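Student: predicted structure and sequence below. I'll ask about it afterward.
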Amino acid sequence: MRSRIPPRPSLRRRRPATRLLGPLLVLLLLAACARAERPWQLGATCYEVFVRSFADSDGDGIGDLRGLTARLDHLNDGDPAGGDDLGVRCVWLMPVAESPSYHGYDVSDHYAVERDYGTREDLQRFIAEAHRRGIRVLVDMVLNHVSSEHPAFQAALRDTAAPERALFRFQPTKGPLNEWGGDNWHRSPVRDEWYYGFFWQGMPDLDYTRPAALAEMQRVARFWLDSIGVDGFRLDAVKFLVEEPGRAQDTPGTHRVLREWAAFVRGVRPGVYTVGEVFDSTGALLAYYPDQLDGYFAFEVADSLVRGVRDGRGSGILAPALRLQREVPQAWRVSPFLRNHDQPRTRTELGGSREKAKQAAVLQLTLPGLPFVYYGEELGMEGTKPDERIRTPMAWALAGPHAGFTTGTPWQPLQPDSLESNVEAQRADPASSLALYRRLIRLRDSLPALAEGRLHPVAASDSAVVAYVRRAGNRAVLVVANLGESALADVLLSAPEGTLPEGRAHLQPLLPVFADVGAARELRAGPGGALRDLVAVPVMPPGYVQVFALEP
Ligand code: CA
């Protein structure tokens, strides 16, 4: 060992080089650290998949993991330069654990892959193929309850001495109604007693006031991280984990369980990503930041966007997003979306209008945060309740039966619009919804202003118009949309100091839609980066939406 240490004289001879190398190494190290600390969520878009409805590989009419793997190129083909995929960087798979229901939110075996979807090897092959394309894989995790068919609940039902009794809430008498007057107590089919299940009798709640439930759900999380290899979790219905008398949601006990569960999974896998469903207002959501899960879905942002676009009202549409920006310093912890698997589909909520659906998409995908797109939304797919009809099969092809979803009989009929809301029908059409999503998701990933810029609202002289700037340093984009039913002329845009980089900027339209509508070529920011009475687009037709790069 000793003989390998070079003699001092040779060190001295190298000093001039070292003198240069030192600062250079420090700089390289700093750059590497900066890269390492940049959250992957910046610029990324996630995609929600219902495996049962995505792609069927074996003709039984049920979408499965092999079918999903075969369609991965639609999500991301791994080529960042190509434009013929969506370019999403993460997927959320709705429940893939064994369950007696079609949707999977009542799990009967947390350690087995849903047999309708395939095997554990199929899931691991999917994850490997996703990773090869730069896609992270999140799976749904239901902490609140299990299926009444779960062996632990069955044991607890049948045997009052069973250790599994500690996982659930049993009482000799019926408990009180909840704060909304609902009844969450269900009569045992075995003996004269009652058990608690917030959603329905088929989903008994786990009892997190005792240690057994949390310990078991930590074991489940470790299994999915270590033995299956997922990158994180979407957590279902997290506000209902622990009840107090007269209070079913948002209790201190619920916050404690989330904190402990999340700390546990971070210990198992540093860098794991967790996103929670708190189906509530922005005010209620804020209590879940910043020390529990990593991120949350912004329900109020979604509702504001869909309502504003539907009603043709741009003013006030940004209020929930601006409030979250003020209250949550790390924008990637907020997940804007339009609609998910529990809500009527976006285009249906927008009266079937493809133009309005496109406007909603542009707004969603140019706001701060880590956006989620519900499968089929990129095609403008329709659907309204019952739930099975907002979770219908994807339409892939124009030829053959069932739009290429299956060669058999689909578990649920496709939507009547499946020949238009169809990947093949839209693939080559530059004006299609699919083309717009592909463009937007890539812009979001490539422009610093969209990936991590601050949101600056811009006031418009007509209430049908929404306008805003996203800005990161001297990089900025301007988003403008006319949500109204009539053409608008000479709408004036104004914003206070600090909105824009100072000086002149060229306005470069980035979306092919409405790119031919005449727009100002240049804008000049006022003192301090203020915007005063700019007419960005002389005449905005109804349905107008554009994203402009502001280039010095
Ligand atoms: Ca199948």
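Tutor: Perfect, I can see it now.

Student: quick one: contacts for whichever residue of the chain sits closest to the ion?
Tutor: When scored by Cβ to the ion, the chain has residue 64 as its residue closest to the ion, at 3.8 Å. In this view, the C-beta of every residue, glycine as well, is placed from N, C-alpha and C. Counting by Cβ atoms under 8 Å, 6 or more residues apart in numbering, residue 64 makes contact with 51, 55, 56, 57, 58, 116, 117, 118, 122.

Student: ok, how many other residues are close to the fifth one?
Tutor: As a burial measure, residue 58 scores 13 neighbours (other Cβ atoms under 10 Å).

Student: what about it, helix or strand, and which?
Tutor: Under the criterion DSSP states H and E, no helix or strand holds residue 58.

Student: how close does it sit to residue 163?
Tutor: Applying Cβ to Cβ, to the nearest Å, the value for residue 58 to residue 163 is 40 Å.

Student: please name the nearest non-neighbouring residue to residue 107.
Tutor: What sits nearest to residue 107 in space, not counting adjacent residues and going by Cβ to Cβ, 6 or more residues apart in numbering, is residue 97, at 4.7 Å.

Student: could I get the contacts of residue 64 as JSON lines with distance to residue 391 and secondary structure?
Tutor: Converted to JSON lines, those look like this (distance: Cβ to Cβ, whole Å; DSSP: H, G, I helix; E, B strand; the rest coil):
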{"residue": "51", "distance to residue 391": "11", "secondary structure": "helix"}
{"residue": "55", "distance to residue 391": "14", "secondary structure": "coil"}
{"residue": "56", "distance to residue 391": "14", "secondary structure": "coil"}
{"residue": "57", "distance to residue 391": "19", "secondary structure": "coil"}
{"residue": "58", "distance to residue 391": "20", "secondary structure": "coil"}
{"residue": "116", "distance to residue 391": "14", "secondary structure": "coil"}
{"residue": "117", "distance to residue 391": "14", "secondary structure": "coil"}
{"residue": "118", "distance to residue 391": "19", "secondary structure": "coil"}
{"residue": "122", "distance to residue 391": "21", "secondary structure": "helix"}
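
Student: could you list which of these also contact the ion?
Tutor: 56, 58 (Cβ under 5 Å from the ion).

Student: buried ones only from the contacts of residue 64, please, as a PyMOL command.
Tutor: Buried subset of the contacts of residue 64, written as a PyMOL selection, criterion 16 or more other Cβ atoms under 10 Å:
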select buried, resi 51+55+56+57+116+117+118+122
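
Student: okay, the contacts of residue 64 in a markdown table with pLDDT next?
Tutor: Formatted as a markdown table, the contacts of residue 64 follow (pLDDT from 0 to 100):
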| residue | pLDDT |
| --- | --- |
| 51 | 98 |
| 55 | 98 |
| 56 | 98 |
| 57 | 98 |
| 58 | 98 |
| 116 | 98 |
| 117 | 98 |
| 118 | 98 |
| 122 | 98 |
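
Student: and the contacts of residue 64, which is closest to residue 471?
Tutor: Nearest to residue 471 among the contacts of residue 64 is residue 51, at 39.0 Å by Cβ to Cβ.

Student: that closest one is in contact with residue 96, isn't it?
Tutor: Yes. Contact criterion Cβ atoms under 8 Å: residue 51 and residue 96 qualify, at 6.2 Å.

Student: identify the contacts common to these two.
Tutor: Both residue 51 and residue 96 are in contact with 65, 114, 117, where contact means Cβ under 8 Å, 6+ apart.

Student: quick one: the second one from residue 154, how far?
Tutor: This points to residue 114. For residue 114 relative to residue 154 (Cβ to Cβ), the value is 19 Å.

Student: swap in the first one?
Tutor: Going from residue 65 to residue 154 by Cβ to Cβ gives 28 Å.

Student: pLDDT weak spots in the stretch 301-450 of the chain?
Tutor: Scanning the stretch 301-450 of the chain for pLDDT under 70 picks out no residues.

Student: and residue 400, backbone torsions?
Tutor: Phi and psi for residue 400, reported as degrees, to the nearest 10, are phi 80, psi 170.
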